[in-house]
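[1] Pasted the sequence and its predicted model underneath.
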Amino acid sequence: MHLHFIAIGGSAMHNLALALQQKGYKITGSDDMIYEPSRSRLAKQNLLPEEYGWFPEKIQKNVDAVILGMHARKDNPELLAAQEAGIPVYSYPEFLFEQSKEKTRVVIGGSHGKTTITSMILHVLKYHQKEVDFMVGAQLEGFDTMVQLSDDTDFIVLEGDEYLSSPIDPRPKFHLYQPNIALLSGIAWDHINVFPTFENYLDQFRIFIDSIVKGGILVYNEEDPLLKKLVEETTNTIRKHPYRTPEFHVDKEQTFLNTPEGDMPVAIFGAHNLQNLAGAKWICQHMGIDEEDFYEAIASFKGASKRLEKIAESRKAIVYKDFAHSPSKVKATTEAVKAQYTSKQVLACLELHTYSSLNSEFLEQYKDTLDAADKAVVFFSPEAVENKKLDPITEEQIFNSFNRKDLVVYTNAERFRKFLKEQNYHQSVLLLMSSGNYGGLDFDEIKDWIN
């Protein structure tokens, strides 16, 4: 089978291309720009396009199907050629469903925590040598790709994103998977460019709950009142299993989980991460891993890439990098770091980078989110606001929104870098939260600053 990828360089797209080639499919693709690590990984498997751009002549009769990435536009020349030729066009979630129709589909959804929970599940399954197919949104230690597809596994574990499927398919990705087993970690308004009202955003989760196959299982965070209400309201005939944050304590900067076998040290920390762990445990139990085996495996889980990831440490300081950008995640991450390092000074730096976070109407959602930090900094680029065609935001709006009088605000990348370099990092934790890079900050350079 010959599959052609339009926008093959995307994070999910290139991983799907690699997985399908490994499965024996013929893969070709195009893109107008491909960055690392996608570029090197595609080149290694001879899948890197010879030149950048869109070439409708690549859409020949021998192409059986086209997989369309979100990066492409509706008027993409290759897409138009495929539509004119009557070649089936799939989004990558659509094609993942096609590949998993005969498997038990396990879908992990929620506004936050889904990558971490999916990663925990895969870590435990790998530890116990249980082979499954999967798709996860971060590179995991011990896994070659973020997507694995085969013909001889019973389960597929899918991270269920609520963002749109493709330029021509406005359905959220997780609506397409029809899970047999599902998990929802919680609901916090996001993607306001697509879901302009909170009620509209809530509707997507209602639809997801109703998409679970009849007789299926929903594991959900009962500590989220909105989610709990949606689960109680559904008329779908599914089994419901609530979970909540397990008992734990912190001693000398080490988190211990209270288990039936006694206190167990874990490499992760923070109430939100341990809440994620509780959800992952339920899913693993439904997949045949008993509680004792789960605990044995999860003790060595160090976290997903870019999710509260320790990137540097010295005698003076520790540096964490986190993908956090939504208000609820920023608050949870900041509180987790301070709770873990009560005797250290926590400097929390947040970059407003996404469409939602740079929207002046959404900013008020960040009220009190950085309160747990000893010092707090917000960075944003006015150019990014302009590029996203949003109304300008002022430093005063940032101060008012975060409700913190000693907040430091930077709009210039070099000045922000200079501020970080000049800090006294004695007995400190630097927390960098962003889905971007603070206007080109060299994270390796930070290692020199904390020595």
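    Sure, I can see it.

[2] C-alpha from now on. contacts and neighbour counts both.
    Fine.

[3] Domain-wise, how is this structure divided?
    Per the record, the chain has its domains at 2-87, 95-298, 309-449, by automatic domain parsing.

[4] what distance separates the start and the end of the last one?
    What that stands for is domain 309-449. 18 Å (CA to CA, to the nearest Å).

[5] Please apply the same query to the first one.
    This stretch, domain 2-87, spans 11 Å end to end (CA to CA).

[6] which residues of the stretch 351-451 of the chain fall in strands?
    In the stretch 351-451 of the chain, the segments counted as strands under DSSP state E, counting those that start in this stretch are 375-380, 408-410, 428-433.

[7] May I ask which helix or strand of this protein has the lowest mean pLDDT?
    helix 382-387 (a mean of 87; mean pLDDT, DSSP states H and E).

[8] Low-confidence bits of the protein, can you list those?
    Applying pLDDT under 70 to the chain flags no residue at all.

[9] and the spatially most central residue of it, what is it in contact with?
    Nearest to the mean C-alpha position of the chain, by CA atoms, centre = their mean, lies residue 115 at 4.6 Å. Counting by CA atoms under 8 Å, 6 or more residues apart in numbering, residue 115 makes contact with 136-138, 159, 304.

[10] same question, residue 57
    Counting by CA under 8 Å, 6+ apart, residue 57 has contacts residue 78.

[11] mind giving me a markdown table with the contacts of residue 115 and columns for neighbour count and secondary structure?
    Listed next are those as a markdown table, based on neighbours: other CA atoms under 10 Å; DSSP: H, G, I helix; E, B strand; the rest coil:
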| residue | neighbour count | secondary structure |
| --- | --- | --- |
| 136 | 26 | coil |
| 137 | 21 | coil |
| 138 | 20 | coil |
| 159 | 24 | strand |
| 304 | 22 | coil |
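
[12] Check these and tell me the two furthest apart.
    159 and 304 (12.9 Å; CA to CA).

[13] hmm, back to that, nearest to residue 119, out of the strands of the stretch 351-451 of the chain?
    strand 428-433 (19.6 Å).

[14] That closest one pairs with which strands?
    Using DSSP bridges, the strands paired with strand 428-433 are strand 317-322 (parallel), strand 345-352 (parallel).

[15] Show me the contact partners of it.
    316-325, 330, 334, 337, 341, 344-351.

[16] Using CSV, write out every CA atom in that strand.
    Provided in CSV are the C-alpha atoms of strand 428-433 (Å, rounded to 0.1, in the frame of the first residue of the first chain):
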residue,chain,number,x,y,z
SER,A,428,17.2,27.9,44.2
VAL,A,429,15.0,26.1,41.8
LEU,A,430,14.5,27.7,38.3
LEU,A,431,11.2,26.6,36.7
LEU,A,432,10.8,27.4,33.0
MET,A,433,7.2,26.9,31.7
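
[17] quick one: furthest residue from the center of the protein?
    residue 61 (36.7 Å).

[18] Tell me if that residue really is in a helix.
    No - remark: residue 61 does not belong to a helix; assigned using DSSP: H, G, I helix; E, B strand; the rest coil, it is coil.
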